[in-house]
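Asker: how would this look folded up:
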Amino acid sequence: MNVAPVEIRLRQASHVMEFEWADGEVTQVSARALRDACRCAECEAQRRGDLDAGLTGEVGICSVEPCGAGAVRLHFSDGHARGIYPFAYMRELALI
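Answerer: Residues are numbered from 1 along each chain as shown. From the prediction side, this is the model:
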């Protein structure tokens, strides 16, 4: 199954990413949910309690960078840009 979106729209005013999928479904994920779901080593350590979390307040997405054929790297307004988000993971997050 192809999980790549047909189109990705960054809704900066509402801090939301919107995905249009090949099957016609349109989903949205908030920037906060995406930031909280980051799987980079630093964020994983924070979730385990090894590092001070410091993830509070509103966060936006400044830019979206393609990362291979099946993922993107998100650059957040808090300076975080280390996580890679596979499209399949993005679709899972949209369903939560």
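
Asker: now the helices for the chain?
Answerer: 31-36, 41-48, 87-94 (DSSP state H).

Asker: Report the central residue of this structure.
Answerer: In the chain, the residue lying closest to the centroid (Cα atoms, centre = their mean) is residue 34, at 3.7 Å.

Asker: who wins for proximity to residue 75 among the helices of the chain?
Answerer: helix 31-36 (10.8 Å; Cβ to Cβ). Using the backbone N, CA and C atoms, a C-beta is placed for each residue, glycine as well.

Asker: Who are the packing partners of the closest one?
Answerer: Under the contact criterion of 3 or more Cβ pairs under 8 Å, 6 or more residues apart in numbering; DSSP states H and E, helix 31-36 touches strand 16-21, strand 71-76, helix 87-94.

Asker: Make JSON lines from these and add distance to residue 46 to it.
Answerer: Converted to JSON lines, those look like this (distance: least, Cβ to Cβ, whole Å):
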{"stretch": "strand 16-21", "distance to residue 46": "22"}
{"stretch": "strand 71-76", "distance to residue 46": "14"}
{"stretch": "helix 87-94", "distance to residue 46": "18"}
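
Asker: Residue 40 is nearest to which of these?
Answerer: Nearest to residue 40, of all the helices and strands packed on helix 31-36, is strand 71-76, at 9.9 Å by Cβ to Cβ.

Asker: Return the list of helices and strands in contact with the closest one.
Answerer: Counting contacts by 3+ Cβ pairs under 8 Å, 6+ apart, strand 71-76 packs against helix 31-36, strand 61-66, strand 84-86, helix 87-94.
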